[in-house]
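>>> Generate coordinates for the sequence data below:
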Amino acid sequence: MASCSYSTEQSDLGSGDKGEDVVQHLIRVPFSSLNFEKKQSIISKGRSTPDLPKLMQDEKEFVRHFQRTRYDAIEWLTGSVTLNKLFCWPCLLFNIDKGTWNYNGFSQLNNLSRACQKHECSLAHLQATLRLKMFGQTCVDLKLDEHCRLEILKHNEMVRRNRDVLKRLIDVVCFLGQHELAFQGHDESVQSSGRNYVQLLQFLSRFDSVLCQHLETATVFSGTSSHVQNDIISSVAAVIDFSVKEELHKSTFVAVLTDEFSDVANLSQLSISVRYVTDDSGPKERFLRFIKVTDRSSHGISTLILQTLKEFKCLKKLVAQAFDGAPVIASNLQAVQSMIRNEAPDVIYVHCYAHILNLVLSQSVGYIRQCKIFFAALSGIAEFFTKSNKRTQLLDEVIKVRIPAVANTQWNYHSQIVNIVKENKRGLLELFHDIIDSAQEWDGETVSAASDFHQTLNDFEFSFLLTVFAAVFAYTDVLFSVLQAKRFDISYCQQKVKEVEEFLIGQREKFQEIYDSLEEDLGPPKKYSCGDNFETNTQYKQLFYEIIDCLLLQIGERFSDMVKLEFVALLDPSKFITHARAFPEDAFSSLKKTYSRHFDFVRLKNELTVMYTSKEFYGKYPQEIHKVLRDTGLGSFGFSETYKLVTLILTIPSTTATVERSFSALNRVKNYCKNTIGQERLSSLAKLSIEKELLLTLKSNTKFYDDVAKHFIKMEGRMEFHFK
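Got it, this is the predicted structure:
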């Protein structure tokens with residue numbers, strides 16, 4: 001009895017597609033292997049009678065061609081364009097013995113009439129003709145038809161139930177992902193049993209009869225395997241990506257925000273996010289993905305970024321780029337900028353409001369061994385207190401200042417802890433000494449750590465670096481605050497950047513003063529065991545200059561394009577009255593130089609002139625202006641160029657938001673990484689948490705479940721979700 005299941009090849013047969021060679025298909029997939037419904041479809045459509053212009057035979061004085069009239073004369077004759085041969089339609093269907101007319105094909109045109117007469121008298125042909133004429137009328141055929149119909153009904157009912165259950169599975173996946181709960185329990189390792197996911201399903205099944213019955217009776221698709229979990233996660237992430245791509249398609253400008261984090265194996269991962277403006281709700285930032293960094297060269301980093309932007313079809317809209325993190329710093333920041341600018345010529349590099357300057361600077365010197373050890377020691381001191389309430393209580397009693405919790409993503413983390421340790425060094429030494437003296441009151445781990453930290457705080461190298469970075473961060477903290485508060489006053493920001501650079505240059509002359517002061521306080525440092533003949537003083541001087549030079553280089557590269565942002569003053573609300581009296585030509589020229597191909601400058605100047613004299617816009621920042629122009633329709637008719645300028649300024653990440661703005665994708669990425677420390681981050685799973693607000697919006701529409709299901713059932717081995 002024929003099977004009622006479909007194969008991919010079977011589903012192609014008899015579909016009626018134009019140009020389909022049914023004969024060739026039937027030779028490849030025998031008629032006898034098809035189910036009743038497919039057989040019936042092929043027979044009802046009848047034989048194929050194609051033109052065969054290439055079927056010809058050379059004679060002595062002429063070339064014999066196949067004539068279509070042969071089909072009319074011989075009712076069983078059919079042909080294959082692909083094989084360029086003639087066949088017998090009944091034998092092709094019902095004769096299982098391979099021969100000329102049902103497998104090899106006939107092409108001898110000079111002998112066609114005699115061959116046809118001989119074939120149609122053969123026993124095999126007569127039997128095949130009888131079976132063709134009687135098809136569907138026998139008891140066996142009718143039973144087969146009914147059996148197949150019942151099997152299809154049974155299969156489709158199973159598919160309906162599975163799709164209904166899939167909605168529940170999608171909800172569980174979204175819940176765990178949004179709340180950053182491990183699917184596998186305490187970890188996401190392959191060996192884990194998947195407790196959280198399975199147990200949540202089991203809990204819900206107590207109140208959901210459909211889910212309960214499915215978990216108790218399902219055999220083919222239970223929905224609890226890690227393979228299914230991962231496929232659903234990927235499907236939800238794909239729907240989120242599709243939504244982001246739709247928003248990007250509607251946007252005019254795009255900025256890319258790149259940051260770096262390390263996973264549990266200390267492998268570098270690049271996070272890529274984008275910022276753009278939509279007509280419905282203003283600026284948005286979306287996380288795209290994590291990518292493992294295997295090639296830390298400038299070419300490797302830029303290739304990862306460009307490939308992602310091309311995938312999301314937004315590279316040509318790129319107007320700004322902002323980088324943070326060790327891989328980009330190590331790979332030569334300017335080279336990465338240049339390679340991206342080759343693909344997107346309008347892009348400028350900006351210091352993103354969400355990139356904490358002192359954190360960036362501390363990362364930039366991370367390649368220097370002594371600096372890496374220094375910042376690791378600072379983190380160790382902070383972690384020492386945050387891990388124990390008893391230790392924290394002692395800290396409150398002795399120095400009455402809390403040390404920030406360990407989190408490399410926390411705002412101004414390094415500058416805060418450097419300042420606290422520098423100002424309270426003597427108090428911390430006293431605290432660690434008290435723990436050592438009263439060792440019987442503390443556990444062994446605490447006493448051992450206190451002894452190590454006491455030694456660290458008395459170490460000359462640690463104290464030297466503490467003094468250096470405390471002085472540097474005092475200046476860069478001010479610069480960071482200026483960049484946040486005075487983002488429209490580019491000239492003022494440039495002045496403050498220059499002051500920091502001049503301070504760092506001036507610091508080069510203060511090495512001996514710092515060194516002598518520490519030597520007087522702590523005594524001479526121990527010699528480096530590096531095997532060279534340099535004096536210790538010279539070695540510290542080299543370290544000092546290397547740090548200062550690295551910081552100068554990083555400041556110079558990070559703010560090299562700041563002058564190109566002078567045009568943001570065009571929408572500085574505090575200067576509208578001044579602009580009304582004298583149009584800001586310098587800022588206008590800055591826009592022309594940087595983004596000349598995007599604007600009608602004659603129209604833009606007239607629109608801005610009117611806006612500066614209109615009280616409706618006084619005191620309004622770009623995002624407020626964007627809302628007014630959008631809600632009134634002026635953005636489309638009347639002030640279209642101004643609307644475009646507002647969109648551009650809102651897209652550039654250094655000109656609009658303060659560091660606490662909740663919609664920042666980089667903030668969300670950093671918080672996610674902080675909360676999932678100790679786990680290797682999976683890009684699709686991360687997307688469910690980082691973009692939880694977008695996910696909630698998508699889930700509010702029932703179409704979300706259909707979209708996820710469509711993506712899920714396209715994956716391999718999903719026959720239990722396809723209707724027949």
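>>> and Glu285, helix, strand or coil?
For Glu285, the assignment made with DSSP: H, G, I helix; E, B strand; the rest coil gives strand.
>>> Let me know whether it touches Ile272 as I believe.
No: using C-beta atoms under 8 Å, Glu285 is not in contact with Ile272, being 11.5 Å away. (Each C-beta comes from the backbone N, C-alpha and C, glycine too.)
>>> what is in contact with these two at once?
Leu257 (C-beta atoms under 8 Å, 6 or more residues apart in numbering).
>>> pull the helix or strand with minimum mean pLDDT from the chain.
helix 8-12 (a mean of 37; mean pLDDT, DSSP states H and E).
>>> Can you give me the first-to-last residue distance of stretch 308-316?
13 Å (C-alpha to C-alpha, to the nearest Å).
>>> tell me which residues of that stretch are tucked away?
If you call a residue buried by 16 or more other C-beta atoms under 10 Å, then stretch 308-316 has these buried ones: Thr308, Leu309, Phe312, Cys314, Leu315.
>>> In helices only, show me those.
Using DSSP state H, the subset of the buried residues of stretch 308-316 located in helices is Thr308, Leu309.
>>> hmm, back to that, next structured bit after the least confident helix or strand of the chain?
helix 22-28 (DSSP states H and E).
>>> continuing past that following helix, what's the next helix or strand?
Counting by DSSP H and E, what follows helix 22-28 is helix 36-45.
>>> Can you lay out the buried residues of stretch 308-316 as a markdown table showing pLDDT and distance to Ala115?
Putting these into a markdown table (pLDDT from 0 to 100; distance: C-beta to C-beta, whole Å) gives the following:
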| residue | pLDDT | distance to Ala115 |
| --- | --- | --- |
| Thr308 | 95 | 64 |
| Leu309 | 95 | 65 |
| Phe312 | 95 | 62 |
| Cys314 | 94 | 65 |
| Leu315 | 94 | 64 |
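>>> out of the buried residues of stretch 308-316, who's nearest Ile403?
Each of these was checked against Ile403 using C-beta to C-beta; the closest is Thr308, at 37.6 Å.
>>> Where does the nearest residue to that closest one once chain neighbours are set aside fall, secondary structure wise?
Nearest residue to Thr308, sequence neighbours excluded (C-beta to C-beta, 6 or more residues apart in numbering): Ile272, at 5.0 Å. Assigned by DSSP H and E, Ile272 belongs to strand 268-278.
>>> quick one: that strand to chain centroid distance?
8 Å (C-alpha atoms, centre = their mean, to the nearest Å).
>>> what pairs with that strand, and is each one parallel or antiparallel?
strand 254-262 (antiparallel), strand 282-292 (antiparallel) (DSSP bridges).
>>> Check which residues of the last one are buried.
So that's strand 282-292. Gly282, Pro283, Lys284, Glu285, Arg286, Phe287, Leu288, Arg289, Phe290, Ile291.
>>> Please apply the same query to stretch 705-721.
Tyr705, Asp707, Val708, Ala709, His711, Phe712, Ile713, Glu720, Phe721.
>>> now stretch 559-566
So, applying 16+ other C-beta under 10 Å, buried residues of stretch 559-566: Phe559, Ser560, Asp561, Met562, Lys564, Leu565, Glu566.
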